[in-house]
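[1] no sequence on this one, just coordinates:
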Ligand SMILES: NC(=O)c1ccc[n+]([C@@H]2O[C@H](COP(=O)([O-])OP(=O)(O)OC[C@H]3O[C@@H](n4cnc5c(N)ncnc54)[C@H](O)[C@@H]3O)[C@@H](O)[C@H]2O)c1
Ligand SMILES: NC(=O)c1ccc[n+]([C@@H]2O[C@H](COP(=O)([O-])OP(=O)(O)OC[C@H]3O[C@@H](n4cnc5c(N)ncnc54)[C@H](O)[C@@H]3O)[C@@H](O)[C@H]2O)c1
């Protein structure tokens, strides 16, 4: 396991979205390594679960309890500020009071299906993400101009072009002239598009105001355990497996645990980048320890391996067998609008060059996911795994998750 | 002059932003040609003038008066709906009641300097434009699925790349593979970026919901007169010359009229596409008469000529001389963050192929602008022409236009 190195001494890091899946693990990882950490979160992610009738597989403690327990376990205080970054008064106070050297911005609505449930949630997603990020840019410009913004983007911003995906920029020769331009983006949901918008806004702020920014186009993150989140039951991280917040891999592992066939959407050729949550936290630390220059908009593709959905299913099948499970696979109609069979070759060398040592999925699937699915099997509600949101529909009237109340009859 | 041809018979066109500069001229142009026209506008553009202490050079009548007068002059009724497209209830009612065959969407905050005044106006601009457009997409998808969306973008979405600017898409060969992808965008203000976001959202909606969409990346529009807006003094169009809403060309002409040197920002090599308002209205008609297919996201670059700021100044100088004016030119510090000396070659053949016959600036400057500047010379407040907004500042506290109250002392 990665040894805690105290590279963080004295560095002040604000984690926006620090109660979330990636943010919580990152907050503890950095706190353990001597960074002064402040968590900013409005807990809307927990509210979404409440409203849709969903729940994490692993029982997570309230944020106040988590932070208090971490103080007891690690002897380190985390500063906690509950509020909405779309509220600029709140955000300015937080930035002025905490004086961050780096802001790591995880604080967005991060589910593609959620953004496609209905019009109100599509609008909420783009408003929350775009305006929240604008506010973060303004707060940095005004109150912490030397602060490094580390912003979470997604590999989904690129879509699935028929050419290699580069890290943020591409050099194009056209009619005899050459320029290096932002890589063309094709977001496949209102969520993914909100990240595309963010990237364009941050690029501009870096040019106009000399903000130092790193955009981490992250792949799909998996795994429950990091060293710190496993240090105490009250520190455990979330595991989403439902049709709205759960990724295909998380759902497959839960399906394997309960003996349900793995539900592949359509042909299963959909290929994406993936990484272990233990690599996410390291990537963030690497980005902070090697900051962008003022006025630089730096883009890293943050993932370690790429898999098609069919390849994921095969890994779950094979690793499931090791755990004594007989795993079946079936195809279900694809609720998304996406290519199911496409070229995919995305670069991801820049974080490796800065020292990232990847955990690989096939070595770690059981430890990172399957053992949790088996441990918390009694908490699984299989009704929640079904595709819940249809990309082609997205009604203008407010949608509810019927799945969550199904099975009550 | 372009003869009114009744190609519009029976076609129903909703003009969002129909009280604005382009929208008003377009509404009358189409109404005169037999299209059934509905204007949707919340009049926020007039409110911005009120709040900032600005005014159009030409005195424009209230929208209700304008529409009534048009009915008397042309014998044609225009349907008028005052409301905000960010209010989905209002928009749905309008779309369901009017049942448009085409929606022409001009209804956005359209000034780059306005979007850079302060944080609140940056946020307003992106919220108003992005959410308004999302609502238009949802309303079409739900209530008028066969309706053609004609959306006004801007040439400013492309920025100033060092390669030729294509119309919306570019074919890239990279590492031996080829794809045609959305042209990379680099918006140079929060306003321009809002249009970049819109384009990405509309592309997605065309794919996911099969919306038929045309994105018109318009250049800078100039000119006061169209046949219809000159038919009666109560129908006259606006002429913005202030530092927030006025374009460089509009300001230069007003400066020439009052004997003030033309104020070139920086080196003056900034090159952009331009078109006469009489061509704008024709472009819209062409787009409506040749609709995009369902599921198609079609992009036209809508301008007729490209000029650098120095070239504009030279034209104003030369044409001013014809009108007996001695026009001087000076450089002032550039309040924007932009390249002042750059390559620029933007394609604009698609609208020409569909029949556009351009009015050219040097032939028309006097008739289209200078005669109005001279006619309304008494209404000119030269304090308003100064650069009012500094791209590098954009404070988080609310900005006011000191220029508007200057000169009172
Ligand atoms: N989990 C993944 O697989 C993955 C993959 C790619 C990118 N990302 C990105 O990484 C980031 C974190 O993802 P996650 O999986 O941890 O998501 P998460 O939903 O678990 O965490 C996001 C946190 O941000 C908070 N938040 C949202 N809007 C906020 C606002 N306006 N003000 C304050 N707090 C707000 C939420 O309450 C939540 O705690 C997101 O930006 C996401 O898009 C995640
Ligand atoms: N004028 C130009 O040179 C130019 C150049 C390129 C692109 N464009 C684009 O063309 C369109 C029209 O430009 P314009 O110069 O006529 O601008 P304008 O400001 O004169 O007109 C826009 C109109 O839209 C209305 N509006 C704005 N937000 C609205 C909302 N939420 N709900 C209802 N109505 C709303 C305003 O009240 C205004 O009447 C804009 O989208 C602009 O970005 C204009």
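    Structure received. What you see is a predicted model, and the numbers here were worked out from it, not measured in a lab. Residues are numbered from 1 along each chain as shown, chains lettered A, B, ... in the order given. Ligands and ions are numbered 1, 2, ... in the order given.

[2] Contact residues of the stretch 251-400 of chain A facing chain B?
    Counting by Cβ under 8 Å from any Cβ of the partner chain, the stretch 251-400 of chain A comes close to chain B at A:337, A:343, A:391, A:392, A:394, A:395, A:396. All C-beta atoms are positioned from the backbone trio N, CA, C, and that covers glycine.

[3] Just the buried subset of the residues you listed, please.
    By neighbour count, with 16 or more other Cβ atoms under 10 Å in any protein chain shown, these hold A:337, A:391, A:394, A:396 as buried.

[4] on that earlier part again, can you name the two of the residues of the stretch 251-400 of chain A next to chain B that sit furthest apart?
    Farthest pair in those (Cβ to Cβ) is A:343 and A:396. Separation: 35.3 Å.

[5] Nearest to ligand 1 among the buried ones among the residues of the stretch 251-400 of chain A next to chain B?
    The nearest member of those to ligand 1, counting by Cβ to the nearest ligand atom, is residue A:391 at 18.0 Å.

[6] Throw the buried ones among the residues of the stretch 251-400 of chain A next to chain B into a markdown table and include secondary structure, thanks.
    Shown next, in a markdown table, are those (DSSP: H, G, I helix; E, B strand; the rest coil):
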| residue | secondary structure |
| --- | --- |
| A:337 | coil |
| A:391 | coil |
| A:394 | coil |
| A:396 | coil |
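
[7] so where do the helices sit in chain A?
    Secondary structure of chain A (DSSP state H): helices at A:21-32, A:44-52, A:63-74, A:88-98, A:112-115, A:119-143, A:190-209, A:248-258, A:277-289, A:309-322, A:350-353, A:361-365, A:371-375, A:402-405.

[8] avg pLDDT for the third one?
    In this case it means helix A:63-74. Mean pLDDT, helix A:63-74: 98.

[9] relative to helix A:44-52, how tilted is it?
    130 degrees (axes from the mean of the first three to the mean of the last three Cα atoms, to 10 degrees).

[10] how distant is helix A:63-74 from the center of its chain?
    With Cα atoms, centre = their mean, to the nearest Å as the basis, helix A:63-74 stands 23 Å off its chain's centre.

[11] for it, packing partners?
    Counting by 3 or more Cβ pairs under 8 Å, 6 or more residues apart in numbering or on different chains; DSSP states H and E, the packing neighbours recorded for helix A:63-74 are helix A:21-32, strand A:36-41, strand A:79-82.

[12] per-residue confidence averaged over the shortest one?
    Looking at strand A:79-82 alone, the average pLDDT works out to 98.

[13] And for stretch A:23-41?
    Stretch A:23-41 shows a mean pLDDT of 98 in the predicted model.

[14] From one end of it to the other, what's the distance?
    Across stretch A:23-41, the terminal residues are separated by 10 Å (Cα to Cα, to the nearest Å).

[15] Report whether that stretch contacts ligand 1.
    Yes - counting by Cβ under 6 Å from any ligand atom, ligand 1 has neighbours in stretch A:23-41: A:23, A:41.

[16] Repeat that for stretch A:155-175.
    No - against ligand 1, stretch A:155-175 shows no contacts by Cβ under 6 Å from any ligand atom, the least distance being 6.9 Å.

[17] what pLDDT, on average, does that stretch get?
    Mean per-residue pLDDT for stretch A:155-175: 98.

[18] Out of the helices of chain A, which gets nearest to residue B:120?
    helix A:88-98 (8.3 Å).

[19] Return the angle between stretch directions for the closest one and strand A:36-41.
    Per the same axes, to 10 degrees, the angle that helix A:88-98 makes with strand A:36-41 is 170 degrees.
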